[in-house]
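Chemist: please work out how this folds:
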Amino acid sequence: MTWRLFSRSKATLLAVGLIVGFAIGYFVFKSEVARLMDDVYSARSSVHFIGSHSITDNKRFMIVDTLRPGGLVLRESVRVDREAGVEGADATVVVDAFDKERMKPLWKVREPGEFGAVQGPLYKVTKIGCCDAPDTYTYFSLQDGKKLYSSHDDDLMEVIVPSKYYPSYGTVDVTRRYVSYKQEFSYDSQGHEKAVTGILQYGTEKKVIREVDIYAGAKTSVSLPEGLTILYNGKRYSYSRGRAIEPWNEPGGLNRSSKSLSDFVIVLAFTNGAELRLPVENDDINLRNTTVPRELTIRPR
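Modeler: Numbers count the residues shown, from 1 in each chain. Here you go, the predicted structure:
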């Protein structure tokens, strides 16, 4: 009798233990699944105050439908740490890209900056300048997250080329090219400007085709650029915000492959009237035929 009671008690305890263990395991499993699901499908913003620091972490989702079958999901996080009485902020933009159909991770971007935004086939990060420094704009490919362009101008020069015309439908496939220019100053040990170095970039929404370093002494009159334009067929085309340059936008359309992109010139003008002219031939900058003001030196990067 005693043995039977002991056996039943032991069996009961074992059953209870199994049930409790299963419940705990199920709860842990469910919590872990919820955490993982929260990482992918949801995001929470927050604000914290630590001493003189105000720290915000803002998150959001964006859908991009045009770049891949099924679309692209971007999860953006912008963390900004500001200290009272101190100019500027410690800020970082982080973007995780997922395949929309399966929420499979594709690529990740991490870049100093306070703002992020989709701009056509690119993702732009804006870093606010501090202590008289200009704002910096960095562009990434939405195809693979690769860093492409950097500029102090808040809008890339975009050139649209009709690549194939369909007369039956009245539609045109286009090829896009981008031109950016970023200028930096270098200083001697006493803090005086000793040189000006600019970087001009030419490329696509997937890769930079050509980078050119532009150098000038700090005391030359060409140290300040005035703007970028395009020369084609004797006509100058200026870029305006939100409107791409379309020098080949002619009646009837134009079939033109990317390899035959030629006969136009990228012009970087300076405040003294000097112009650096970089001809594009076979979809690349031809450095042998450039027109360079005598105060400047250029070289491929």
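Chemist: next, the buried residues of stretch 275-291.
Modeler: Neighbour counts over stretch 275-291 (16 or more other CB atoms under 10 Å) mark 275-276, 278-280, 283, 285, 290 as buried. Glycine gets a C-beta too; all of them are placed from N, C-alpha and C.
Chemist: what's the answer for stretch 233-242, then?
Modeler: Buried-residue list, stretch 233-242, by 16+ other CB under 10 Å: 237, 239.
Chemist: pLDDT on it, on average?
Modeler: Here stretch 233-242 scores 76 as its mean pLDDT.
Chemist: so what touches that stretch?
Modeler: 155, 157-158, 227-231, 245, 247, 263, 267 (CB atoms under 8 Å, 6 or more residues apart in numbering).
Chemist: shaky segments in this structure?
Modeler: Scanning the chain for pLDDT under 70 picks out 1-39, 67-68, 162-172, 185-196, 217-225, 241-243, 247-262.
Chemist: just the buried residues out of the contacts of stretch 233-242, in ChimeraX syntax.
Modeler: Per 16+ other CB under 10 Å, the buried members of these correspond to this ChimeraX selection:
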select :157,158,228,229,230,231,245,247,267
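Chemist: what is the nearest of the contacts of stretch 233-242 to Arg301?
Modeler: Among the contacts of stretch 233-242, Leu228 lies closest to Arg301 (CB to CB), at 17.7 Å.
Chemist: correct me, but the closest one touches Gln183?
Modeler: No: taking CB atoms under 8 Å as the definition, Leu228 is not a contact partner of Gln183, at 12.0 Å.
Chemist: tabulate the contacts of stretch 233-242 (CSV), appending secondary structure.
Modeler: Output for those, formatted as CSV (DSSP: H, G, I helix; E, B strand; the rest coil):
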residue, secondary structure
Asp155, coil
Met157, strand
Glu158, strand
Gly227, strand
Leu228, strand
Thr229, strand
Ile230, strand
Leu231, strand
Ile245, strand
Pro247, coil
Asp263, coil
Val267, strand
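Chemist: make JSON lines out of the contacts of stretch 233-242 and add distance to Ser141.
Modeler: Converted to JSON lines, the contacts of stretch 233-242 look like this (distance: CB to CB, whole Å):
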{"residue": "Asp155", "distance to Ser141": "17"}
{"residue": "Met157", "distance to Ser141": "17"}
{"residue": "Glu158", "distance to Ser141": "14"}
{"residue": "Gly227", "distance to Ser141": "25"}
{"residue": "Leu228", "distance to Ser141": "21"}
{"residue": "Thr229", "distance to Ser141": "25"}
{"residue": "Ile230", "distance to Ser141": "23"}
{"residue": "Leu231", "distance to Ser141": "28"}
{"residue": "Ile245", "distance to Ser141": "21"}
{"residue": "Pro247", "distance to Ser141": "24"}
{"residue": "Asp263", "distance to Ser141": "27"}
{"residue": "Val267", "distance to Ser141": "26"}
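Chemist: from the contacts of stretch 233-242, which single one is nearest Gly51?
Modeler: The closest of the contacts of stretch 233-242, once distances to Gly51 are taken by CB to CB, is Asp155, at 38.2 Å.
Chemist: how much space is there between that closest one and Arg102?
Modeler: 34 Å (CB to CB, to the nearest Å).
Chemist: repeat that for Tyr149.
Modeler: When Tyr149 is compared with Arg102 (using CB to CB), they lie 30 Å apart.
Chemist: could you do Glu87 as well?
Modeler: From Glu87 to Arg102 the distance is 45 Å (CB to CB).
Chemist: for the stretch 1-150 of the chain, what spans make up the strands?
Modeler: Residue ranges of the strands in the stretch 1-150 of the chain, as given by DSSP state E, counting those that start in this stretch, are 46-50, 53-64, 72-83, 90-99, 105-112, 115-119, 122-127, 136-141, 147-151.
Chemist: can I get the ones you listed in TSV with distance to Tyr202 and mean neighbour count?
Modeler: Shown next, in TSV, are these (distance: least, CB to CB, whole Å; neighbours: other CB atoms under 10 Å):
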stretch	distance to Tyr202	mean neighbour count
strand 46-50	41	9
strand 53-64	24	14
strand 72-83	26	18
strand 90-99	25	19
strand 105-112	22	15
strand 115-119	18	16
strand 122-127	15	22
strand 136-141	13	22
strand 147-151	10	20
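Chemist: mind putting the ones you listed into CSV with distance to Val212?
Modeler: Listed next are those as CSV, based on distance: least, CB to CB, whole Å:
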stretch, distance to Val212
strand 46-50, 43
strand 53-64, 31
strand 72-83, 31
strand 90-99, 27
strand 105-112, 23
strand 115-119, 23
strand 122-127, 20
strand 136-141, 17
strand 147-151, 13
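Chemist: sounds good, over and out.
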